[in-house]
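Novice: Just to be clear, the model below is a prediction. Sequence and coordinates:
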Amino acid sequence: MKNTAITIPAKVRLERGNRIRASLKRNRIWEVDFLRGLFFLTVFIYHLAWDFTMLPFVFYNFYDLASPGFVNLVTICEEILGRDGMEWAVRFFSGTFLFITGVCCSLSHDNFLRGLKLFAWGEVLTLVTVGIVLFGQTNELIVFGILYCIGFCVAIYGLFQKLERKLNFKTSPWVYIILGLIIWAVGYYFIYGLRADSYDAGNMVSFDEMSVGNILQIIVGTKYSYGDSFPLFPNAGKILVGIGVGLLVYGPKRGKRSLCPRADGWWFAPIEFIGRHSLLLYLGEQVLAWVAFVAVMLPLGYTLGF
């Protein structure tokens, strides 16, 4: 039998793809992408400042070769990160990012698989930091970092969404908000009620002290690891509040539409792009930063200290 399959010309396929992409862009809520990108930039700046403070430890002859201006830059970064208010600034910006992540969850129907992927990337980062601890003589081990926290919460919410669809019921957004605020409050009690100082040495667990009990306490939030640490209390609460607010603002009653569509424009496009690709950028930012440091500083005579 003669093959009667219809071949679509390449030009038609291209035009159709462009229309689909344009439609997807119109259906996106631009302010969510913008806010996620904006607060991701604050996280990137914080990480970059921390990278500068690590240069004297990574390059053992840093102070022998660095210019006075370069040394002053490192000193300024150390002073800024060491200020008393910095802990609250980090909590504000990372907490807002988690809140916006929750809003994004309320707009998605495939949260379970997305959460598992994020959790898997968290495991990859943990394996990388294990290598850094073993070969770099540092305690910066990620036990339950931000990707673990987000991945776990998103996957659990995805499972609950599946249960809602199967049993045909809807949970009030206020349930998520109230539960989130409770978890948030309990987390801050762990930080400032059970402990006088959230970063007190007695609450920090080094690589050599890792055990099942300590890991569980790090996940819950009664102890910390020296690396990136985002325990479920209070951080899961911030995500839950975001889910509840997202359902209220962009839920079925109003629809998944921007609150201010006319305010969007080309001037916001770069930050929106960052927001749409925040996971990929988060995974690559530190790798690219240290590749750049090594590529520039090794030819200048700096020597790695490990």
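Specialist: Looks like it came in fine.
Novice: C-alpha only now, for contacts and for neighbours.
Specialist: Fine.
Novice: And the helices in the stretch 101-250 of the chain, which stretches?
Specialist: 111-136, 146-167, 173-192, 212-220, 232-250 (DSSP state H, counting those that start in this stretch).
Novice: Which strands or helices does the third one pack on?
Specialist: Contacts of helix 173-192 with other secondary structure elements, assessed using 3 or more CA pairs under 8 Å, 6 or more residues apart in numbering; DSSP states H and E, are made with helix 232-250.
Novice: Let me see the mean pLDDT of the helix it packs on.
Specialist: Averaged across helix 232-250, pLDDT comes to 96.
Novice: between that helix and helix 146-167, how big is the angle?
Specialist: 50 degrees (axes from the mean of the first three to the mean of the last three CA atoms, to 10 degrees).
Novice: Give the residue spans of the protein that score low on pLDDT.
Specialist: Scanning the chain with the threshold set as pLDDT under 70 gives 1-27, 136-137, 194-202, 306.
Novice: Could you identify the longest helix within it?
Specialist: Longest helix in the chain, counting residues (DSSP state H): helix 30-58.
Novice: and it, which residues are buried?
Specialist: 30-43, 46, 48-53, 55-58 (16 or more other CA atoms under 10 Å).
Novice: what's the spacing between it and its chain's center?
Specialist: 10 Å (CA atoms, centre = their mean, to the nearest Å).
Novice: other SSEs contacting the helix or strand following it?
Specialist: As assigned by DSSP states H and E, the chain's next helix or strand after helix 30-58 is helix 62-65. Secondary-structure packing of helix 62-65 (3+ CA pairs under 8 Å, 6+ apart): helix 30-58.
Novice: Report the contact partners of residue 237.
Specialist: 179, 180, 181, 182, 183, 184 (CA atoms under 8 Å, 6 or more residues apart in numbering).
Novice: How about it, nearest residue that isn't a chain neighbour?
Specialist: Among residues not flanking residue 237 along the chain, residue 180 sits closest, at 3.7 Å (CA to CA, 6 or more residues apart in numbering).
Novice: So that neighbour sits against residue 240, correct?
Specialist: Yes. Using CA atoms under 8 Å, residue 180 is in contact with residue 240, at 4.8 Å.
Novice: From residue 67, how far out is the residue nearest the centre of the chain?
Specialist: Centroid-nearest residue in the chain, with CA atoms, centre = their mean: residue 146, separated by 5.2 Å. Counting by CA to CA, to the nearest Å, the gap from residue 146 to residue 67 is 35 Å.
Novice: Could you do residue 119 as well?
Specialist: Distance from residue 119 to residue 67, by CA to CA: 42 Å.
Novice: quick one, which of the two is more surrounded?
Specialist: residue 119 (24 against 11; other CA atoms under 10 Å).
Novice: give me every residue that touches that one.
Specialist: Going by CA under 8 Å, 6+ apart, the list of residues near residue 119 reads 147, 148, 149, 150, 151, 152.
Novice: 7 Å instead, please
Specialist: Residue 119 is in contact with 147, 148, 151, 152, counting by CA atoms under 7 Å, 6 or more residues apart in numbering.
Novice: how far away is it from residue 152?
Specialist: 6 Å.
Novice: now residue 236
Specialist: Applying CA to CA to residue 236 and residue 152 gives a distance of 9 Å.
Novice: Which one's more surrounded, these two?
Specialist: Shown here are residue 236 and residue 152; by other CA under 10 Å, residue 236 has more neighbours (27 against 22).
Novice: Which residues are in contact with the more buried one?
Specialist: Residue 236 neighbours (CA under 7 Å, 6+ apart): 149, 153.
Novice: Let me see the contact set for residue 186.
Specialist: Taking CA under 7 Å, 6+ apart as the test, what residue 186 contacts is 233, 234.
Novice: And it, how far from residue 31?
Specialist: 30 Å.
Novice: what domains does the record give for this structure?
Specialist: Domain ranges of the chain: 28-83+265-274+283-306, 110-260, per automatic domain parsing.
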